[in-house]
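Student: Fold the following for me, if possible:
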Amino acid sequence: TLEVISGPQDPTSINVDETGYCSSDPPAEITLICEGGDNNYYWYANDYSGTSLGDTKSLTIPAPTETTTYYVRSETTCGNSADLNITVNVSQSPIAQFTATDICEGEALTLNDASTVPGDPITSWQWSFGDGSGSTSQNTSHTYTSPGEKIITLEVATAELCSDQIQQTITVLPSPKAPTSANANTLEYCSDDTPSDITLSCVGLDDDDHYFWYKNTLGGTPIGNSKSLTIPAPSTTTTYYVRSESDVSCGFSEPLSVTVSVFQSPNTSFSLNDLCQGETITINSTSASSSNPITSWEWDLGDGTTSELQNPSHTFNQLGITTVSLLVTTDDLCTDTHEETIEVKATPQAPTAISVDNNGYCSADNPGDIVLNCEGLDLEYIWYANDFTGSSIGNTKTLNIPAPAETTVYLVRGESTNGCGNSSELSTTVTVNPSPVAEFSASSICQEETIAFVNESTSPLTPITSWAWDFDDGATSSNESPSHTFNNYGTHQI
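Tutor: Numbering: from 1, shown residues only. A predicted model of the protein is given here:
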């Protein structure tokens, strides 16, 4: 008996339930299906070199991870039929990748695509920055306007619409907020009126201790960090800067500044010594200002008199202790005061009248003494004879002195003992006329003889103008040199 075995029947159709997918989204399995006259058909992957995958018309197998062509045929002892094939395309998915780090608010974050793909190139990029905005550029940048955690998402896709997505969370650090205003409770003062301290203040959105203050220049060591800062008042004009500084390495804001102006007060000065009543002097102000010029001088001269001159002249008539003060003011209204206390000493008052009880006599009729008298406001007046070169002869208003033997001028004046000099003087003259010296001689002295008398009298200054002879016998003569006869002998007082 001979059995004739039927030859293999060709498959008439082939199919698969998944013809293609992306490698990142594969199905768990696929089902291969064929039609044909035989009961069994053998399936192979890519070629016939390996073991068949199965021998059923419908074959479910694990889904391939790469593109695979599946072949199917009937196999008998009489050989193999023709085959059919079908390909399951597995497109390689991209691997999304980027790197991002924490950033400060207001700074631009650069995002560079680092995605890879083993197959077809990436053709689209979709960025989401986590704040409602995004970008379709491959490489992009973004500036965050608010702090906090942000989730950045990148989705990339190929032309076959295979895609991948990655997310990364970053922290947007708060950037310092610039102060909106800066001030000081005292913006200007004069150096002589420097307060013990001043308070600097600013307004801003950041916390109180984020605002740092600097003196004159930014940088270096701050003088404090607070929206309200009390510090010692500066002695010179100073500019203070304030800015907000980050505590998370986000730098600092733009600064604001406030200047406290210190105007240098003037130095008031003048000198004044004790004066004599009635003395007129010019008082020179030696005041000085190291900054702005002095614009006004206010003098109080101590006796109710004032002046606005820089260097006034004044006559001091009020006796006693007097305080003179000067207030100077600069054009920035800084002031300074200086005062000097002096004594206005009495000046000798001139005598108003002078007299003498005997202003003239002959030397032979010297009265023995005279009385000098003067009038005036002072209690004492000083008397001198002829001039002031010698010592004074007395210091009372009424002075009793020996009568002079010759004509003498008496001078009287007021004199000070405090350096205020002497008054003008008055004078009176006591005239002493020299008396003549009577002298004669006789030619004979016998009774009843005519005797010739020779006048030998002398006068030192003025000529003798009269002669009065008395012969002691009842006879007289007015001749200069008379003759006379004595009838009686005896002694006669001629």
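Student: what helix or strand does I281 sit in?
Tutor: strand 279-282 (DSSP states H and E).
Student: can you list contacts of that strand?
Tutor: Strand 279-282 has contacts (C-beta atoms under 8 Å, 6 or more residues apart in numbering) with L275, N311, P312, S313, H314, T315, F316, T347. In short, each C-beta sits where N, CA and C put it, glycine included.
Student: Quick one: buried ones out of those?
Tutor: Neighbour counting over these (16 or more other C-beta atoms under 10 Å) leaves L275, P312, H314, F316, T347 as the buried ones.
Student: Run through the strands of the stretch 201-350 of the chain in chain order.
Tutor: 211-215, 224-225, 228-232, 238-244, 256-263, 275-276, 279-282, 294-300, 306-307, 313-316, 320-330, 335-345 (DSSP state E, counting those that start in this stretch).
Student: pLDDT below threshold where in the chain?
Tutor: Along the chain, segments meeting pLDDT under 70 span 3-4, 444.
Student: Quick check, S285 in contact with Q310.
Tutor: Yes. With contact defined as C-beta atoms under 8 Å, S285 reaches Q310; the gap is 5.4 Å.
Student: Of the two, give the one with the bigger neighbour count.
Tutor: Legend: neighbour count by other C-beta atoms under 10 Å for S285 and Q310, higher for S285 (18 against 15).
Student: Give me the distance between that one and L301.
Tutor: 13 Å (C-beta to C-beta, to the nearest Å).
Student: what does K177 give?
Tutor: K177 sits 62 Å away from L301, going by C-beta to C-beta.
Student: Also E425?
Tutor: Distance from E425 to L301, by C-beta to C-beta: 32 Å.
Student: C276 too?
Tutor: Applying C-beta to C-beta, the value for C276 to L301 is 16 Å.
Student: One more: S481?
Tutor: As judged by C-beta to C-beta, S481 and L301 stand 81 Å apart.
Student: One more: T322?
Tutor: Using C-beta to C-beta, T322 is found at 8 Å from L301.
Student: Quick check: chain neighbours aside, which residue is closest to D472?
Tutor: Of all residues not flanking D472 in the chain, H492 sits nearest, at 4.0 Å (C-beta to C-beta, 6 or more residues apart in numbering).
Student: count of residues packed around that neighbour?
Tutor: H492: 13 neighbours (other C-beta under 10 Å).
Student: thought it was touching D470?
Tutor: No. Here H492 lies out of contact with D470, judged by C-beta under 8 Å, at a distance of 9.5 Å.
Student: which ones are touching D38?
Tutor: By C-beta under 8 Å, 6+ apart, the contact set of D38 is P8, Q9, S74, T76, S81.
Student: check contacts around the last one.
Tutor: Counting by C-beta under 8 Å, 6+ apart, S81 touches G7, P8, Q9, D10, P11, G36, D38, R73, S74, E75.
Student: got it, and L53?
Tutor: By C-beta under 8 Å, 6+ apart, the residues touching L53 are L32, W43, Y44, A45, L59, I61, Y70.
Student: if we go to 7 Å?
Tutor: By C-beta atoms under 7 Å, 6 or more residues apart in numbering, the contact list for L53 reads W43, Y44, A45, L59, I61.
Student: Selection in PyMOL covering whichever of these are buried, please.
Tutor: Applying 16+ other C-beta under 10 Å to these, the buried members can be selected in PyMOL as follows:
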select buried, resi 43+44+45+59+61
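Student: Turn the contacts of L53 into CSV, including distance to F270.
Tutor: CSV is the format used below for these (distance: C-beta to C-beta, whole Å):
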residue, distance to F270
W43, 126
Y44, 126
A45, 120
L59, 125
I61, 120
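Student: In strands, which of the contacts of L53 fall?
Tutor: W43, Y44, A45, L59, I61 (DSSP state E).
Student: I'd say the last one and E29 touch.
Tutor: Yes. The criterion here is C-beta atoms under 7 Å, and I61 meets it with E29 at 6.2 Å.
Student: Just the residues contacting stretch 194-212, thanks.
Tutor: Contacts with stretch 194-212, where a contact means C-beta under 7 Å, 6+ apart, come from 176-186, 189, 213, 222, 225-233, 235, 240, 242-245, 256, 258, 260.
Student: Tell me the buried residues within these.
Tutor: Neighbour counting by 16+ other C-beta under 10 Å classes 176-179, 182, 184, 189, 213, 222, 225-227, 229, 231, 233, 240, 242-245, 256, 258, 260 among the contacts of stretch 194-212 as buried.
Student: Relative to the host helix or strand of Y361, what are the paired strands and their orientations?
Tutor: Counting by DSSP H and E, the element that carries Y361 is strand 360-362. The strands beside strand 360-362 in its sheet (DSSP bridges) come out as strand 422-433 (parallel).
Student: For the partner strand, give me every contacting residue.
Tutor: For strand 422-433, contacts defined as C-beta under 7 Å, 6+ apart pick out 348-351, 354-356, 358-363, 370, 374, 404-416.
Student: tell me the contacts of W213?
Tutor: W213 neighbours (C-beta under 7 Å, 6+ apart): L200, P222, I223, G224, L229, Y240, V242.
Student: Out of those residues, which comes closest to I464?
Tutor: Checking the contacts of W213 against I464 by C-beta to C-beta gives Y240 as the nearest, at 111.3 Å.
Student: residues in contact with the closest one?
Tutor: L200, W213, K215, S257, V258.
Student: Apply 8 Å and report the result again.
Tutor: Counting by C-beta under 8 Å, 6+ apart, Y240 touches A182, A184, L200, W213, Y214, K215, N216, I223, S257, V258, T259, V260.
Student: burial measure for A475, as a count.
Tutor: Neighbouring residues of A475 were enumerated by other C-beta under 10 Å; the total is 13.
Student: now T169
Tutor: 11.
Student: before we move on, what about R413?
Tutor: Taking other C-beta under 10 Å as the criterion, the count of residues near R413 is 23.
Student: quick check, it in a helix?
Tutor: No. Checked against DSSP: H, G, I helix; E, B strand; the rest coil, R413 lies outside a helix; its state is strand.
Student: measure the residue lying closest to it once chain neighbours are set aside to I382 for me?
Tutor: In space, and not counting its chain neighbours, R413 is closest to E425: 3.8 Å by C-beta to C-beta, 6+ apart. Using C-beta to C-beta, E425 is found at 9 Å from I382.
Student: Overlap in contacts, those two.
Tutor: Jointly contacting E425 and I382 under the rule C-beta under 8 Å, 6+ apart are V412, R413.
Student: Please say which of these two ends up with more neighbours.
Tutor: Using other C-beta under 10 Å as the criterion, E425 and I382 rank with I382 on top: 23 against 19.
Student: wait, isn't that one in contact with T417?
Tutor: No. Applying C-beta under 8 Å, one finds I382 not in contact with T417, separated by 10.7 Å.
Student: Identify the farthest-apart pair in the contacts of S81.
Tutor: The distance between the two most remote of these (C-beta to C-beta) is 13.8 Å, for G7 and P11.
Student: who has more neighbours, those two?
Tutor: In this view G7 and P11 are compared by other C-beta under 10 Å, and P11 has more residues nearby, 23 against 14.
Student: in the stretch 1-150 of the chain, which spans are helices?
Tutor: With DSSP state H, counting those that start in this stretch applied, the stretch 1-150 of the chain shows no helices anywhere along its length.
Student: Stretch 452-470: which residues count as buried?
Tutor: For stretch 452-470, by 16+ other C-beta under 10 Å, it's F453, N455, W467, W469.
Student: Any chance of those residues in JSON lines with distance to L205 and secondary structure as columns?
Tutor: Below are those laid out as JSON lines (distance: C-beta to C-beta, whole Å; DSSP: H, G, I helix; E, B strand; the rest coil):
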{"residue": "F453", "distance to L205": "144", "secondary structure": "strand"}
{"residue": "N455", "distance to L205": "137", "secondary structure": "strand"}
{"residue": "W467", "distance to L205": "136", "secondary structure": "coil"}
{"residue": "W469", "distance to L205": "140", "secondary structure": "strand"}
